[in-house]
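1. requesting a structural model of the entry that follows:
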Amino acid sequence: MKEKLVIALGGNALQSGKGEATAEAQLAVVRRTCEHIAQISEQGYEIAVVHGNGPQVGRIVMASEAAKDVTPAMPFDVCGAMSQGYIGYHIQQCLKYALNKTNRNIPVVTVATQMIVEENDPAFKNPTKPIGPFYSEAEAKVLEAEKGYTMKEDAGRGYRRVVASPLPRKIVEIDAVKQLWDHAIVITCGGGGIPVVERPDGTLEGTAAVIDKDFAAELLAEQVNADVLMILTEVEKVAINFNKPNQQDLENISLAEAAQYMEEGHFAAGSMLPKVEAAMKFVRAFPQKKAIITSLDKAVEALEGKTGTVLTFN
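-> Sure, this is the predicted structure:
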């Protein structure tokens with residue numbers, strides 16, 4: 001049987017950090033990303049794709065707020081749904097083309113995916129999820145004063161607005177994803193999923209938050225009984241003492257070793273930490289399986305065991 005693979009795409013797979021934030025520029029990045037995903041498909045994997053939306057949803061919120069005198073501003077969850085739709089559209093368009101070039105007639109479909117979170121999740125009292133562009137410290141202080149944003153420094157790259165990042169509890173459309181699995185490559189849980197709270201009467205209500213896409217991908221991997229959780233980011237391998245003279249890249253690490261490194265503070269919050277935590281959660285749930293963290297351009301080699309950081313139970 002073909003192995004099931006859930007891929008979590010990092011921000012660099014959707015937008016160049018140094019390029020413009022236009023739709024055209026983002027589409028050019030997505031085209032290159034989809035060529036790599038098509039190569040993975042050629043290896044015989046059955047794939048689902050999860051993507052982030054931090055910069056994109058931040059810009060949509062900014063645009064909506066800036067135009068509030070012309071048209072009503074959209075709620076945060078609606079902005080998240082907008083980002084999920086257009087990013088999914090970009091991926092499915094580019095991935096279908098990349099597959100067609102290799103004569104692989106595989107349907108690609110985006111599912112608008114809601115994710116149930118708990119209303120009393122402590123994350124709502126301590127926002128940590130970066131969204132939108134980077135700012136200088138001075139610019140961040142102005143935004144805090146003028147707009148009431150919570151701004152935090154992000155892994156040495158500048159300051160960004162942060163919002164609540166509650167843990168994903170239930171994928172609302174999981175049955176539809178499972179039914180589509182054998183017939184298409186599914187793009188789902190985009191941006192971590194549209195965060196919703198389930199009321200006692202069964203209704204769902206959107207809430208202002210961004211769910212971490214790595215945790216969403218991990219939950220999806222559990223739900224579809226994936227063989228591999230692959231988290232793609234900017235670096236080829238996870239490292240301890242990152243950006244220091246004694247930096248050490250990690251190849252194969254156990255759950256216990258990952259926990260030790262995490263306890264020692266080697267992984268930055270909002271950056272590598274959620275990726276490692278999601279990988280740990282997956283192998284804890286499936287001790288016989290593995291999670292891989294690597295860069296997009298090394299994904300195929302990592303699946304072949306040639307590079308990347310592989311996290312296993314033992």
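2. and the closest residue to K4 other than its chain neighbours, how many residues sit next to it?
-> Using C-beta to C-beta, 6 or more residues apart in numbering and skipping the chain neighbours, the partner closest in space to K4 is A226 (4.3 Å). Glycine gets a C-beta too; all of them are placed from N, C-alpha and C. As a burial measure, A226 scores 25 neighbours (other C-beta atoms under 10 Å).
3. do the same with A268
-> Neighbours of A268 (other C-beta under 10 Å): 15.
4. my read: it touches K152, true?
-> No: if you go by C-beta atoms under 8 Å, A268 and K152 don't touch, sitting 11.5 Å apart.
5. which of the three states applies to the residue nearest to K4?
-> Secondary structure state of A226, per DSSP: H, G, I helix; E, B strand; the rest coil, is coil.
6. name the nearest residue to A279, sequence neighbours excluded.
-> A291 (3.6 Å).
7. wait, what's in contact with that neighbour?
-> A291 makes contact with 228-231, 278-280, 282-283, 310-311, according to C-beta atoms under 8 Å, 6 or more residues apart in numbering.
8. helices - which of those land there?
-> The members of the contacts of A291 that map onto helices under DSSP state H are 278-280, 282-283.
9. by neighbours, which of those wins?
-> A279 leads the ones in helices among the contacts of A291 on contacts (other C-beta under 10 Å) with 29 neighbours.
10. isn't that residue right next to I293, touching?
-> Yes: between A279 and I293 there is a contact under C-beta under 8 Å: 6.1 Å.
11. and for the two, which residues touch both?
-> By C-beta under 8 Å, 6+ apart, the residues touching both A279 and I293 are 231, 311.
12. the chain: helices as residue ranges?
-> Counting by DSSP H, the helices of the chain are 23-42, 54-66, 76-101, 137-147, 174-181, 213-223, 255-263, 273-285, 299-303.
13. looking at the ones you listed, which is buried most?
-> helix 213-223 (a mean of 26; mean count of other C-beta atoms under 10 Å).
14. now do that helix against helix 54-66, angle only.
-> 120 degrees (axes from the mean of the first three to the mean of the last three C-alpha atoms, to 10 degrees).
15. what packs against helix 213-223?
-> Helices and strands touching helix 213-223, by 3 or more C-beta pairs under 8 Å, 6 or more residues apart in numbering; DSSP states H and E, are strand 4-9, strand 46-51, strand 170-171, helix 174-181, strand 228-233, helix 273-285.
16. using PDB, write out the CA atom coordinates for that helix.
-> The C-alpha trace of helix 213-223 is given here as PDB (Å, rounded to 0.1, in the frame of the first residue of the first chain):
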ATOM      1  CA  LYS A 213      -0.400  24.900  11.200                       C
ATOM      2  CA  ASP A 214       2.100  22.400  12.600                       C
ATOM      3  CA  PHE A 215      -0.300  21.300  15.300                       C
ATOM      4  CA  ALA A 216      -3.200  21.200  12.800                       C
ATOM      5  CA  ALA A 217      -1.100  19.100  10.500                       C
ATOM      6  CA  GLU A 218      -0.300  16.800  13.400                       C
ATOM      7  CA  LEU A 219      -3.900  16.300  14.300                       C
ATOM      8  CA  LEU A 220      -4.700  15.700  10.600                       C
ATOM      9  CA  ALA A 221      -1.900  13.100  10.400                       C
ATOM     10  CA  GLU A 222      -3.400  11.300  13.500                       C
ATOM     11  CA  GLN A 223      -6.900  11.400  12.000                       C
END
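17. circling back to that earlier point, for the residue nearest to K4, list the residues it contacts.
-> Contacts of A226 by C-beta under 8 Å, 6+ apart are 4-6, 48, 220, 289.
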